[in-house]
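Novice: next one to model:
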Amino acid sequence: MKRPILMLIATLAVAASVQAQAPPSDAERQAAREAIVKSCGNDIKTYCSDKQPGRDMMMCLRTNADKLSSDCKDTLANMRRNAPQPPTQ
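Specialist: Residues are numbered from 1 along each chain as shown. You can find the predicted model right below:
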């Protein structure tokens, strides 16, 4: 079960770096991974254990957003708020 969670974390880190002008540091990626594992691990096991790591799992979390624990919801919202924004033209 650890592998799907780690794949989710890696996918989130890659998605955030694609959107960012400068990729996040290793420390930032590690902090994001730890936050997701800590706050969303049980939700992933409960609602998304049958999903492939990555996009499928993220879509599952979004689909089940109303059922997620408050910790998981807060962590995901924080990541979206704090993700670097692409430059505007």
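
Novice: helices of this protein, start to end?
Specialist: With DSSP state H as the criterion, the chain has helices at 2-19, 26-47, 55-63, 70-82.

Novice: and R55, how many residues sit next to it?
Specialist: Neighbourhood size, R55 [other Cβ atoms under 10 Å]: 12. From N, CA and C alone the C-beta is placed, and that goes for glycine too.

Novice: where does pLDDT dip in the protein?
Specialist: By pLDDT under 70, the low-scoring segments of the chain are 1-2, 6-8, 10, 12-24, 33, 84-89.

Novice: how about a cut-off of 50?
Specialist: Judged by pLDDT under 50, the chain has its weakly predicted residues at 20.

Novice: these two touch, right, P53 and P4?
Specialist: Yes - P53 lies in contact with P4 (Cβ atoms under 8 Å); the separation is 4.5 Å.

Novice: buried residues in stretch 42-62?
Specialist: Neighbour-count burial for stretch 42-62 flags D43, I44, Y47, C48, K51, P53, G54, D56, M57, M58, C60, L61 (criterion: 16 or more other Cβ atoms under 10 Å).

Novice: CA atoms of that stretch as CSV?
Specialist: Only the C-alpha atoms of stretch 42-62 are listed here, as CSV (Å, rounded to 0.1, in the frame of the first residue of the first chain):
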residue,chain,number,x,y,z
ASN,A,42,-6.1,6.7,5.4
ASP,A,43,-8.3,8.4,2.9
ILE,A,44,-6.4,6.9,0.0
LYS,A,45,-6.7,3.4,1.6
THR,A,46,-10.4,3.9,2.2
TYR,A,47,-11.6,5.5,-1.0
CYS,A,48,-8.9,5.0,-3.6
SER,A,49,-7.0,1.8,-2.9
ASP,A,50,-8.2,0.3,-6.2
LYS,A,51,-6.8,3.2,-8.3
GLN,A,52,-3.5,3.4,-10.0
PRO,A,53,-1.0,5.9,-8.5
GLY,A,54,-0.9,9.2,-10.1
ARG,A,55,-3.7,10.8,-12.1
ASP,A,56,-6.2,8.1,-11.3
MET,A,57,-5.6,8.4,-7.6
MET,A,58,-5.8,12.2,-7.7
MET,A,59,-9.1,12.1,-9.6
CYS,A,60,-10.4,9.6,-7.0
LEU,A,61,-9.5,12.1,-4.2
ARG,A,62,-11.2,14.9,-6.1
